[in-house]
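# Everything below, folded, please.
(2 chains)
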Amino acid sequence: MITQRTFSIAAMTAFALSIIFGGFVFGHHSQAGFETPDKAISMKGTVVEFRWRNPHILVFWDVKDDGTGKVVRWVGELGSTATASASGLTKDSLKQGDEIAVTAIPSRAGTPQAIISKLIKDGTVLVGRAPTAVE
Amino acid sequence: MRNSAIPLLGILAATLASSSVVLAQHAPPPPGWPLCPRCQGPQDRAEARAKSKVEGHPFDPHDLSGVWGNNGMELDVKNVPPFTAWGYEQYQATRSEESPLGIPLSNSKDPMMRCDPLGYPRLFAYNYGFEFLQVPDRVIQFFEWGHNWRTIWTDGRKLPENPPEPRWLGYAVGHWEGDTFIVESNGYDDRSWLTEDRRDRRWGFPHSDQLWVEEKYRRISYDTLEATLTIIDPKVFKKPWTTTGKIRMSVGTELGEYLCVPSDNDLFNQQYVIPAAGGKQ
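Below you'll find the predicted structure:
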């Protein structure tokens, strides 16, 4: 279920995580099509695909609205494979069917594309990028 | 707000440092296989530097060999020289397209978004790390971005006055003046950008076929290169554009393989960049 809310705590959490882990570097393309970090949203979903490729890694996951039963497929962006691996991710970090919690900065167009700022699987923080570090 | 955030950040950092978070460090590489420059996390970097005893390490100022940097040295966009009228026209033509919703389609005019070669000096500004390899009659510069290289000839030849064919990475010759290695280059293909405009990433800085680049490299310590790059392009800029900075050696690394793969890039644009702006997939 999507818990969409403007948040400050989540942004600060991501910031704190970035202090510990460093952040991904988004050097390949402009972020002009995405909201500002204070409009990040949080949601839970199921991984459909973990595409460990350049220019940037993509995560596809389904989110089901418990009220309507409608499923929305989200696409989230991480850094390049090199910068992601520097933060400890590997090509095997996620697989189809994994249950994840994601905090992400959505597109300005309101579409289900987003920059992932935090991703948790099985209680482990796999991604904890600072939203303010978007390059 | 700011006052309340500070203790919260401290609590979060302390909590997370002792929680189940496991990704503070890179996954171990295969034995005998160093990480790529951008694959090193802060801890990997610190360990490699300590192991190589970088501080105070002796060095030969005429030896530039090694892997340098992990991203590139961005051009000095705070001191962009004034454009000529023609140059400004070219600059405006680089502006990103917009979706029907009026949202920029990323930096859509950027040749990089199509996997075109970055060219030079864009590979100075953005390279994911480079390596100098010195042999008697040339210096070869390998770039991780695009898995590409250029040859800087040191055999005494002169730059062609009228380059027979434009090159993405130009024609380059080098010589030493004291402890400074000087590289001059020309003959560039004008389809590349000098760099994207990071003041607002909807534009890029163009150049013409008259582009002339001068670089100076001086090794001031074992792990530090002092670099100056000057762009002279009278068709685009009214004055030379100079960028100066330091490039650190990426100790304990070797170049990896970053290839811009057109099919992967197309998929990325179609499934992510374009729909994010409200465009059709």
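# what residue ranges in chain A score low on pLDDT?
Across chain A, the ranges flagged by pLDDT under 70 are A:1-28, A:129-135.
# centroid residue for it?
Nearest to the mean C-alpha position of chain A, by CA atoms, centre = their mean, lies A:Ile116 at 1.9 Å.
# measure that residue to B:Asp179 for me?
Separation of A:Ile116 from B:Asp179 (CB to CB, to the nearest Å): 46 Å. Glycine gets a C-beta too; all of them are placed from N, C-alpha and C.
# for chain A, which strand is longest?
The strand of greatest length in chain A, counted in residues with DSSP state E as the criterion, is given as strand A:41-51.
# what lines up beside that strand in the sheet?
On the basis of DSSP bridges, the sheet neighbours of strand A:41-51 come out as strand A:2-3 (antiparallel), strand A:58-64 (antiparallel), strand A:99-106 (antiparallel).
# quick one: buried residues of the last one?
Meaning strand A:99-106. For strand A:99-106, burial by neighbour count (16 or more other CB atoms under 10 Å in any protein chain shown) applies to A:100, A:102-106.
# show me where the stretch 51-200 of chain B has helices.
Listed in chain order, the helices of the stretch 51-200 of chain B (DSSP state H, counting those that start in this stretch) span B:85-93, B:122-125.
# Over to chain A?
Shown for chain A, the helices assigned by DSSP state H span residues A:9-21, A:81-86.
# contacting residues around the closest residue to B:Thr244 other than its chain neighbours?
In space, not counting the residues next to it along the chain, B:Thr244 is nearest to B:Thr228; the distance is 4.6 Å by CB to CB, 6 or more residues apart in numbering or on different chains. B:Thr228 makes contact with B:215-216, B:242-244, according to CB atoms under 8 Å, 6 or more residues apart in numbering or on different chains.
# Quick check, pLDDT for B:Gly87.
Among the per-residue scores, B:Gly87 holds a pLDDT of 98.
# just to revisit the earlier point, alpha carbons only: can I get the strand or helix carrying the residue nearest to B:Thr244 in PDB?
When elements are assigned from DSSP states H and E, B:Thr228 belongs to strand B:224-232. What follows is strand B:224-232 as a C-alpha-only set of coordinates in PDB (Å, rounded to 0.1, in the frame of the first residue of the first chain):
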ATOM      1  CA  THR B 224      48.500  14.300  -7.300                       C
ATOM      2  CA  LEU B 225      48.500  15.800 -10.800                       C
ATOM      3  CA  GLU B 226      48.000  19.500 -11.200                       C
ATOM      4  CA  ALA B 227      46.100  20.000 -14.400                       C
ATOM      5  CA  THR B 228      45.200  23.000 -16.500                       C
ATOM      6  CA  LEU B 229      43.000  22.800 -19.600                       C
ATOM      7  CA  THR B 230      42.500  25.800 -21.900                       C
ATOM      8  CA  ILE B 231      39.900  25.900 -24.700                       C
ATOM      9  CA  ILE B 232      40.500  28.200 -27.500                       C
END
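# Measure how far stretch B:102-111 is from the centre of its chain, please.
In this view, stretch B:102-111 has its centroid 20 Å away from the chain centroid, taken as CA atoms, centre = their mean, to the nearest Å.
# now the end-to-end length of that stretch.
Counting by CA to CA, to the nearest Å, the length from the leading to the trailing residue of stretch B:102-111 is 21 Å.
# and if you look at stretch B:240-257?
Stretch B:240-257 end-to-end distance (CA to CA) = 34 Å.
# interface residues of the stretch 151-281 of chain B facing chain A?
B:198, B:201-202, B:256, B:258-261, B:264-265, B:268, B:271-273, B:275-278 (CB under 8 Å from any CB of the partner chain).
# quick revisit: out of the strands paired with strand A:41-51, which gets nearest to B:Asp116?
Set against B:Asp116 and scored by CB to CB, these come closest in strand A:58-64, at 22.0 Å.
# How about the contacts made by the residue nearest to B:Ala172 when sequence neighbours are not counted?
Computed as CB to CB, 6+ apart, the closest residue to B:Ala172 that is not its neighbour in sequence is B:Ser185, at 4.0 Å. B:Ser185 is in contact with B:120, B:159, B:170-173, B:212-215, counting by CB under 8 Å, 6+ apart.
# ChimeraX command to pick out the buried ones of the residues you listed?
What follows is the ChimeraX syntax selecting those of the contacts of B:Ser185 that are buried according to 16+ other CB under 10 Å:
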select /B:120,170,171,172,173,212,213,215
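# Pick the one among the contacts of B:Ser185 closest to chain A.
B:Tyr120 (17.6 Å; CB to the nearest CB).
# That closest one contacts B:Arg150, correct?
Yes - with contacts counted by CB atoms under 8 Å, B:Tyr120 reaches B:Arg150, the gap being 6.3 Å.
# And the nearest residue to B:Asp116 once chain neighbours are set aside, how close does it get to B:Tyr120?
Setting aside the residues directly before and after it, B:Asp116 is nearest to B:Arg191 in space (CB to CB, 6+ apart), at 6.9 Å. Distance from B:Arg191 to B:Tyr120, counting by CB to CB: 13 Å.
# Distance of the residue nearest to B:Ala172 relative to B:Ile231?
If you measure B:Ser185 against B:Ile231 using CB to CB, the figure is 11 Å.
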